[in-house]
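Peer 1: mind folding the following:
(chains A and B)
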Protein chains: 2
Amino acid sequence: MTRADCDVIGIGNAIVDVLSHADDDFLAANGIEKGAMTLIDASQAEALYGRMGPGLEISGGSAANTMAGVASLGGNAAYIGKVRADQLGAVFAHDIRAAGVRFSTAPTTTGAPTARCLILVTPDAQRSMSTFLGACVELGPEDIVEADIASAQVTYLEGYLWDPPRAKEAFRKAAAIAGGAGRKVALSLSDAFCVHRHRDEFLELVAGPVDILFANEQEILALHQKLRDMRHDVNGRLANIVAAAELMRMRPESAAERLQMLLDQPHKAAESIAEFSRAFEASFGLKRA
Amino acid sequence: MTRADCDVIGIGNAIVDVLSHADDDFLAANGIEKGAMTLIDASQAEALYGRMGPGLEISGGSAANTMAGVASLGGNAAYIGKVRADQLGAVFAHDIRAAGVRFSTAPTTTGAPTARCLILVTPDAQRSMSTFLGACVELGPEDIVEADIASAQVTYLEGYLWDPPRAKEAFRKAAAIAGGAGRKVALSLSDAFCVHRHRDEFLELVAGPVDILFANEQEILALHQKLRDMRHDVNGRLANIVAAAELMRMRPESAAERLQMLLDQPHKAAESIAEFSRAFEASFGLKRA
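Peer 2: Numbering: from 1, shown residues only, chains lettered A, B, ... in the order given. Modelled structure (predicted):
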């Protein structure tokens, strides 16, 4: 393994944020889920922008913001993401480079404009995001430069990359290169809504190429919702045993009809526990000795 | 005079601001005059943007901001200004309309992009502006809709309009329509540097069509620098008289050679006072009875 030239290379959706204030009534009237990141298409973006208040534009994107943070702390950071060769794309490219992050992904010259995220901030300081992915849908494996990934200590991927269609191929290619070069792969789960959209694939990634997982409480609970459901199932079996025994004690005349249930539940509970254990081990990529 | 449909219609340079932080060394290294608004061309704008830090974009422009302020206070405001039909032009148009200001100036479809103002904020909170006028140079009298001006109680003009070449024709056309319709014309002097660039024309405007003048201390002193110089001249003549008399008293042997000076100064002082009075009256559009 050669010396790493770069601390972290991030891959994500390259987005310009448009921030504005709004009240809860505006969110409700426009069908915006409060606190969430919702994907919208070009016509929805145009309609919402037309209704929202004066905005303030600032370059954003989850992984891009993280790389700017790494650079601001003195780290050597790079970024891969797709803008179009338009004014907002030039703004994005300027801002991330001015933040000290290497960025050389070729912009698209046809198709949708640079992505933008319409962010409405309510008086309680919560933000609700409506994202038009625009040129981000063009990010693909051809944008992953092998030497850049191989020379970075960590390749950092945002979960939102699972939203555009071809970015996951870029993600998988980058993860494979990083793994082959003995580097680390990090994944941010992005947000709980994103996890709900891509849970099964994220579980595979966590069990597979991902070495470092970033998640807040809502995100990790969303990722392991199946485990939670299974544990709930085990608890339900155990509760059934207690309930059957209690009913037999209180109403001895019905003991015969409860007996079969009492006998069935321990087997079902054992099955549920075994299933939970298999799923738990698989989720975390554990292998039995 | 018909009822005014509109409280104020503003005419100005339609600009998107790009804000970033910088220190005094950066200003000095890039030849930026601190606290001023300096005009730059496209290549200077590109070079400076490439050197400055990550930015934050927000619609600006002096008169446009003022109209947004009028609307936010419940006034009925309109705006005339020129953007190009590009992404930043769409941002400007959205923002001013979303602020509740009527704006229907046709955007240009060729030529320079929408104007932007690169604003560097130093740690002392002073801002230094470098403006690329872009599409603003296309604003001309054809953009002044007579009915809009005639139906506004006040036509508000920013001094910066004297920077692009044809905007002053728009300005004069609007002022003439407003005057003809019995409406008021207001002028903001914009900034002292702008006044230095256009002092003589601004003095003519103040003496002519302008009914309401907005200026801070620096701006009004810059506008009337000639009056200040003239008053200084009068004071100089009076000081010469005192000095000559004093010298004659102290050194009686040189009285003969001082006498002519003593006799000349009162005439010159009287001339200077008369000149000052004429200029003062002209500056404020005063007419002798």
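Peer 1: out of the helices and strands in chain A, which is least certain?
Peer 2: Lowest mean confidence among the helices and strands of chain A (mean pLDDT, DSSP states H and E): helix A:255-283, at a mean of 81.
Peer 1: what helices or strands is it leaning on?
Peer 2: With contacts defined as 3 or more Cβ pairs under 8 Å, 6 or more residues apart in numbering or on different chains; DSSP states H and E, the secondary structure elements packing on helix A:255-283 are helix A:192-207, helix A:225-250. Heads up, the C-betas are built off the backbone N, CA and C, glycines and all.
Peer 1: quick one: it to helix A:225-250, angle?
Peer 2: Taking axes from the mean of the first three to the mean of the last three Cα atoms, to 10 degrees, one finds that helix A:255-283 is oriented at 160 degrees with respect to helix A:225-250.
Peer 1: so which of the helices and strands packed on helix A:255-283 is nearest chain B?
Peer 2: helix A:192-207 (25.3 Å; Cβ to the nearest Cβ).
Peer 1: just the buried positions in the helix or strand following that closest one, please.
Peer 2: The first helix or strand that comes after helix A:192-207 along the chain, using DSSP states H and E, is strand A:212-214. With burial defined by 16 or more other Cβ atoms under 10 Å in any protein chain shown, the residues of strand A:212-214 counted as buried are A:213-214.
Peer 1: what pLDDT, on average, does strand A:212-214 get?
Peer 2: When pLDDT is averaged over strand A:212-214, the result is 95.
Peer 1: strand partners (parallel or antiparallel) of it?
Peer 2: strand A:184-188 (parallel) (DSSP bridges).
Peer 1: show residues contacting the strand it pairs with.
Peer 2: For strand A:184-188, the external contacting residues (Cβ atoms under 8 Å, 6 or more residues apart in numbering or on different chains) are A:8, A:62-63, A:66, A:153-159, A:174-175, A:178-179, A:202, A:205-206, A:209-215.
Peer 1: ok, now with 7 Å
Peer 2: Strand A:184-188 is contacted from outside by A:62, A:153-159, A:175, A:178-179, A:205, A:209-214, using Cβ atoms under 7 Å, 6 or more residues apart in numbering or on different chains.
Peer 1: ditto for stretch A:216-235
Peer 2: With contacts defined as Cβ under 7 Å, 6+ apart, stretch A:216-235 is touched by A:189, A:191-192, A:195-196, A:199, A:202-203, A:215, A:269, A:272-273, A:275-276, A:279-280, A:283.
Peer 1: now the phi/psi pair for the residue lying farthest from the centre of chain A, please.
Peer 2: Among the residues of chain A, the one whose C-alpha is farthest from the average of all C-alpha positions is residue A:253, by Cα atoms, centre = their mean at 55.2 Å. Dihedral pair for residue A:253: phi -60, psi -20, per degrees, to the nearest 10.
Peer 1: residue A:241 versus that one, what's the distance?
Peer 2: Between residue A:253 and residue A:241 the distance is 20 Å, computed by Cβ to Cβ, to the nearest Å.
Peer 1: the stretch 1-150 of chain A against chain B: which residues are in contact?
Peer 2: Taking Cβ under 7 Å from any Cβ of the partner chain, the part of the stretch 1-150 of chain A that reaches chain B is made up of A:49, A:52-59, A:86-88, A:91, A:94-95, A:98-99.
Peer 1: just those residues: which are in helices?
Peer 2: The subset of the residues of the stretch 1-150 of chain A next to chain B located in helices under the criterion DSSP state H comprises A:49, A:87-88, A:91, A:94-95, A:98.
Peer 1: quick one: buried ones out of the contacts of strand A:184-188?
Peer 2: Among these, those scoring as buried are A:62, A:153-159, A:175, A:178-179, A:205, A:209-211, A:213-214 (criterion: 16+ other Cβ under 10 Å).
Peer 1: hmm, residue A:63 is touching residue A:9, no?
Peer 2: No: with contact defined as Cβ atoms under 7 Å, residue A:63 does not reach residue A:9; the gap is 9.5 Å.
Peer 1: list residues touching both of those two?
Peer 2: residue A:156.
Peer 1: comparing the two, which residue is more hemmed in?
Peer 2: Regarding residue A:63 and residue A:9, a neighbour count based on other Cβ atoms under 10 Å in any protein chain shown identifies residue A:9 as having more, with 32 against 26.
Peer 1: quick one: mean pLDDT for the helix or strand hosting that one?
Peer 2: Mapping residue A:9 onto the secondary structure by DSSP H and E places it in strand A:6-11. In this model, strand A:6-11 has a mean pLDDT of 97.
Peer 1: quickly run through the sheet partners of that strand, with directions.
Peer 2: Strand pairing for strand A:6-11, determined by DSSP bridges: strand A:77-80 (parallel), strand A:152-158 (parallel).
Peer 1: contacts for the next helix-or-strand element following it?
Peer 2: Toward the C-terminus, strand A:6-11 is succeeded by strand A:15-21 as the next helix or strand (DSSP H and E). Counting by Cβ under 7 Å, 6+ apart, strand A:15-21 makes contact with A:52-61, A:88, A:91-92, A:114-121, A:131, all of which sit outside it.
Peer 1: angle of the helix or strand containing residue A:168 against strand A:152-158?
Peer 2: Following DSSP H and E, one finds residue A:168 within helix A:167-180. Regarding helix A:167-180 and strand A:152-158, their directions subtend 160 degrees when assessed with the same axes, to 10 degrees.
Peer 1: residue A:148 against residue A:79, yeah?
Peer 2: No: applying Cβ under 7 Å, one finds residue A:148 not in contact with residue A:79, separated by 10.0 Å.
Peer 1: more neighbours: which of these two?
Peer 2: A direct count of neighbours by other Cβ under 10 Å for residue A:148 and residue A:79 places residue A:79 higher, at 28 against 19.
Peer 1: separation between the more buried one and residue A:87?
Peer 2: Look at residue A:79 and residue A:87: by Cβ to Cβ, they are 20 Å apart.
Peer 1: find the closest residue to chain B in the stretch 101-250 of chain A.
Peer 2: Counting by Cβ to the nearest Cβ, the stretch 101-250 of chain A gets nearest chain B through residue A:113, at 7.0 Å.
Peer 1: still on that earlier bit, can you lay out the strands paired with strand A:6-11 as TSV showing distance to residue B:165 and mean pLDDT?
Peer 2: As requested, the strands paired with strand A:6-11 are arranged in TSV below (distance: least, Cβ to Cβ, whole Å; pLDDT from 0 to 100):
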stretch	distance to residue B:165	mean pLDDT
strand A:77-80	42	98
strand A:152-158	48	96
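Peer 1: got the angle between the least confident helix or strand of chain A and helix A:192-207?
Peer 2: Here the directions of helix A:255-283 and helix A:192-207 differ by 70 degrees (the same axes, to 10 degrees).
Peer 1: next, the buried residues of helix A:255-283.
Peer 2: When neighbours are counted by 16+ other Cβ under 10 Å, the buried residues of helix A:255-283 are found to be A:258, A:262, A:265, A:269, A:272-273, A:276, A:279, A:283.
Peer 1: same check, this time on stretch A:118-137
Peer 2: Within stretch A:118-137, the residues that qualify as buried by neighbour count (16+ other Cβ under 10 Å) are A:118-120, A:122, A:128-137.
Peer 1: can you give me the strands for the stretch 1-150 of chain A?
Peer 2: Secondary structure of the stretch 1-150 of chain A, counting by DSSP state E, counting those that start in this stretch: strands at A:6-11, A:15-21, A:37-39, A:56-60, A:77-80, A:102-103, A:115-121, A:127-132.
Peer 1: now do the contacts for residue A:149.
Peer 2: With the criterion set at Cβ under 7 Å, 6+ apart, residue A:149 makes contact with A:9, A:155, A:174, A:177-178.
Peer 1: just flag the most distant two among the residues you listed.
Peer 2: Distance extremes for the contacts of residue A:149: the farthest pair is A:9 and A:177 at 10.4 Å, using Cβ to Cβ.
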